[in-house]
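Visitor: coords below, sequence missing:
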């Protein structure tokens, strides 16, 4: 029996998503005497089998290899290498995200315009900008 966090990691989804599935009843669990949910590994086989049929960009398999779950998949619309750094702009769902990585990492990954790539987001800070006049 797996904890919800272990099950989420196994099938490559976020912990909040699996909790929603549990609370909505779409994923069956067994409760421990302490009231904690446990999930039979056999009940996850459907999700793993369904995922195997998907292509690399849509598959959740890569999520199982990376700890970060905040991943935005899109197309590289521009890449600029300058000195030690590279600016990579990825377009996804009508938005753009820019990442500054090392030029050596960009070369090692052989990134180029038009490639499918994922931006993995791991942040502890969020900044707010005010647009209206505070007066």
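Guide: Ah, there it is. This structure is a prediction, so every number in the text was calculated from the model and none was measured.
Visitor: Show me what the worst-scoring helix or strand of the chain on mean pLDDT is packed against.
Guide: Using mean pLDDT, DSSP states H and E, helix 45-52 stands out as the lowest-scoring helix or strand of the chain, at a mean of 74. When contacts are defined as 3 or more Cβ pairs under 8 Å, 6 or more residues apart in numbering; DSSP states H and E, helix 45-52 sits against helix 4-11. Quick note: C-beta positions are derived from backbone N, CA and C, even for glycine.
Visitor: same question for the helix it packs on, mean pLDDT?
Guide: Mean pLDDT, computed over helix 4-11, is 82.
Visitor: Please state the offset of the helix or strand following that helix from the chain centre?
Guide: Once the chain leaves helix 4-11, the next helix or strand it forms, by DSSP states H and E, is helix 15-24. In terms of Cα atoms, centre = their mean, to the nearest Å, the centre of helix 15-24 is found 16 Å from the chain centre.
Visitor: Helix 15-24 vs helix 45-52, what angle?
Guide: Angle of helix 15-24 versus helix 45-52, following axes from the mean of the first three to the mean of the last three Cα atoms, to 10 degrees, is 130 degrees.
Visitor: Many thanks, have a good one.
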